[in-house]
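Colleague: Pasting a predicted model and its sequence here:
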Amino acid sequence: MSKTLEAKKRRRSDLLLEKVRSGEAMSLREQIMLVILLSLPAMLAQLSNIVMEYIDASMVGRLGADASASIGLVATSTWLIWGVCGSAVSGFAVQVAHRIGARDNAGARTVLRQAITSTLILSGIVSLTGIAISKQLPHWLGGSEEITADASRYFFIISAALPLFQMRMLSSSMLRSSGNVLVPSVLNVVLCFLDVILNFLFIFPTRQIDFFGHTIEMFGAGLGVSGAALGTVCAEVITTSIMFYYLCTRCPQLALTHDSGSFIPQRDCLRRAAEIALPMGIQHIVMTSAQVVSTTIVAPLGKMSIAANSFGITAESICYMPGYGIADATQTLVGQSVGARRPSLTRTFAWVGVGLGMTVMTLMGILMYICAPIMMNMLTPVEEISRIGVEALRIEAFAEPMFAAAIVCYGVFVGTGDTLKPCIMNLVSMWAVRISLAAWLAPTYGLSGVWFAMCVELCFRGLIFLIRLRFGHWLKTERK
C-alpha cells in the first residue's frame, strides 16, 4: 500500500471521527466504513504479532521439546503480569477517549500525564515481584527438572523488562484512544520484525549457513531460551522509544508539548481509573490464574502435551488476534461516542464491530481447521507434538465465532467504562465451565479433553455476552 493511499485513508478516518465528536449525522455506511478503517491497521498489527510468535516458537522449537516446554510452562504467568499492567492502562485510556470525544483535549493530556506516573509505579512493583518469584515459579507450576532452569531464566528477563512493556502498552492505548490506530499498528509491525531478527541472532550459536549457493558464517550468541527473551526485550527498547516519543510530541490531541502540567496523580483521576481498571485487573488475575491452573492440569500429561499446548495456543492466536484488533477499534469508537453523548451511535458501532469480528473469526476458524497440520508442522519438527496439537486446533476451530462475540462485546463494554459485570461474567465462565470441565476430562482424554473444555466455555461466554449486549443496560454508565 502506497504512502499516498495510507494518507488518504488516514484523512478519511479523521474526517469521520470528527463527525462523531461534533455531533454530525452519520449514515450507516459511514459508520461501517469507520469501523473498518480503524480495524484494518489494528488487525494488521495483531496478525504481525502472530507471525512473530510463529517464527519465535519455530526457532525455539528447533532447540527441542525441552526448550519449547520451558517457555510454555511460564507462558500463562507471563500473560498474568502483562495483563495486570494492561488493565491499569485501560483505566486511563477510557478516560482519554471520553475527553477527546467531548473535545476536551487539554483534559485528555492531564489524564495522560497522571497515567505515565501511575503505570510506571505499578509496573515497577509487579516487575520486582516477578523477579523475586522467578526461581521458584516453574517448580510451583509442576515443571520437570529438565525444563525449570530455562523457564526460570526466561521469566526473570521478561519480568525485569516489564516497565518497558508497560510504556508501549500505554503509548499504544493512548494513541488508539485518540483515534490514531495506524501509528501504533505500524510500530507493532516493526516490533515484530525486530523481534524475529534479534531472536535469530540471540537464540542460535555462530554457524555456517547456505545463502543462495554461498556458505557464510552467521553470528549467533547461542543463548537458547534466554536469547528468545533478550531478543524480545531489545526489540521493545527500540519500538517503545519511537512510540512514546510520537505520543508525547506528535499526536495532535495528546502531545505534551502543547502545554505544561503536573505528573502527580490526582485523586479524582485515580478513582475513575480504579473504577474501570480494578475489575479488569482482578478479572485478569483470576482468569490468568485459571490458565495457570489449566497449565497444572496439562503438566502431568508430559512434556509433549505441554509443548503441544503451548504451540496450539500460538497457532490458534492467528484466528482470534484479528478479533482483538476489531475490539480495539470498536472500543475507541464507543468511547468517543459516549464522550460525545451519542447513545444511538454508540449502539450502532457496537453491533457493527461485533458483526465484523464474528465474520472474520468464522472465516479464520475454517482456515484453522483445514490448515491445522501445516500450522503445527511450521512450529515443531517433533511428530508427536504436532499430532496432539492438530487434534486440539480442530476442536477449537468450532469456538471461534462465539469467541469473537465475547472479545468484541468486552471491548464495547470497556469503551463505556462498564467493566464490573463483564468481568464477573468472564470469571464465572472460566472457572465454572472451563476449569471444572478440563479437570474432569484431562485424565481420560488428555490434551484433547482440555481443549474441548475450552471450546465449550468460549461458546458459552460468547452467548452470555451477546445476550447482555442485546438486553443489558451497559449504556447507563454514561460519563460524567
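Modeller: Happy to help now that I have it.

Colleague: contacts and neighbour counts: CA atoms only from here.
Modeller: OK.

Colleague: Specify the local secondary structure of D150.
Modeller: Classification of D150 using DSSP: H, G, I helix; E, B strand; the rest coil returns helix.

Colleague: How about D195?
Modeller: Under three-state DSSP, D195 falls in the helix class.

Colleague: burial count for it?
Modeller: D195: 26 surrounding residues under other C-alpha atoms under 10 Å.

Colleague: got it, and the one 10 residues further on?
Modeller: Number of residues near P205 (other C-alpha under 10 Å) recorded here: 15.

Colleague: Please name the residues that touch it.
Modeller: The contact partners of P205, by C-alpha atoms under 8 Å, 6 or more residues apart in numbering, come to 219-223.

Colleague: Check D14 too.
Modeller: Contacts of D14 (C-alpha under 8 Å, 6+ apart): G179.

Colleague: Helices of the stretch 1-150 of the chain, start to end?
Modeller: 3-22, 28-61, 65-101, 105-133, 137-140, 145-160 (DSSP state H, counting those that start in this stretch).

Colleague: nearest to C423, of the ones you listed?
Modeller: When those are compared by C-alpha to C-alpha, helix 65-101 sits nearest C423, at 11.6 Å.

Colleague: Just give me how far the closest one sits from the chain centre.
Modeller: Distance of helix 65-101 from its chain centroid, counting by C-alpha atoms, centre = their mean, to the nearest Å, is 7 Å.

Colleague: what does stretch 329-348 give?
Modeller: Here stretch 329-348 is found 22 Å from its chain centre; the criterion is C-alpha atoms, centre = their mean.

Colleague: before we move on, what about stretch 222-238?
Modeller: Mean-position distance between stretch 222-238 and its chain equals 19 Å (C-alpha atoms, centre = their mean).

Colleague: What residues sit buried inside it?
Modeller: 222-236 (16 or more other C-alpha atoms under 10 Å).

Colleague: Which pair in those residues has the greatest spatial separation?
Modeller: Spatially, the most separated pair among those is G222 and E236, at 20.4 Å (C-alpha to C-alpha).

Colleague: Take the buried residues of stretch 222-238 and keep only those in helices.
Modeller: When the buried residues of stretch 222-238 are checked against helices (DSSP state H), the matches are 225-236.

Colleague: quick one: low-confidence ranges for the stretch 201-350 of the chain?
Modeller: Scanning the stretch 201-350 of the chain for pLDDT under 70 picks out the ranges 211-213, 288.

Colleague: Contact partners for the closest residue to I158 other than its chain neighbours?
Modeller: Once flanking residues are discounted, I158 sits nearest to A229: 6.4 Å by C-alpha to C-alpha, 6 or more residues apart in numbering. Going by C-alpha under 8 Å, 6+ apart, A229 touches 154, 157-158, 199.

Colleague: do you know how far A229 is from E236?
Modeller: Taking C-alpha to C-alpha, to the nearest Å as the measure, A229 falls 11 Å from E236.

Colleague: Repeat that for P401.
Modeller: Using C-alpha to C-alpha, P401 is found at 32 Å from E236.

Colleague: Next: A75.
Modeller: Distance of A75 to E236, given as C-alpha to C-alpha: 18 Å.

Colleague: Surely L447 and V390 touch.
Modeller: No: counting by C-alpha atoms under 8 Å, L447 does not reach V390; the two are 10.8 Å apart.

Colleague: Any stretches of the stretch 51-200 of the chain with poor pLDDT?
Modeller: Along the stretch 51-200 of the chain, the model assigns pLDDT under 70 to residues 51-58, 61.

Colleague: 80 instead?
Modeller: 51-69, 71-73, 75-76, 79-80, 83, 142-144 (pLDDT under 80).

Colleague: Count the residues that sit near the closest residue to V293 other than its chain neighbours.
Modeller: Spatial nearest neighbour of V293, chain neighbours left out: I435 (7.7 Å); criterion: C-alpha to C-alpha, 6+ apart. I435: 21 surrounding residues under other C-alpha under 10 Å.

Colleague: before we move on, back to that, neighbour-wise, which one of the contacts of A229 leads?
Modeller: Going by other C-alpha under 10 Å, N199 tops the contacts of A229 with 30 neighbours.

Colleague: element containing it, please.
Modeller: Per DSSP states H and E, N199 falls inside helix 182-203.

Colleague: immediately after that helix, which helix or strand?
Modeller: Next along from helix 182-203, by DSSP H and E: strand 205-211.

Colleague: Pairing partners for that next one, with directions?
Modeller: In the sheet, strand 205-211 lines up against strand 214-221 (antiparallel) (DSSP bridges).

Colleague: helices or strands up against the strand or helix carrying I313?
Modeller: Assigned by DSSP H and E, I313 belongs to helix 303-339. The contact analysis (3 or more C-alpha pairs under 8 Å, 6 or more residues apart in numbering; DSSP states H and E) places helix 303-339 against helix 3-22, helix 28-61, helix 65-101, helix 162-177, helix 267-298, helix 343-379, helix 383-396, helix 400-416.
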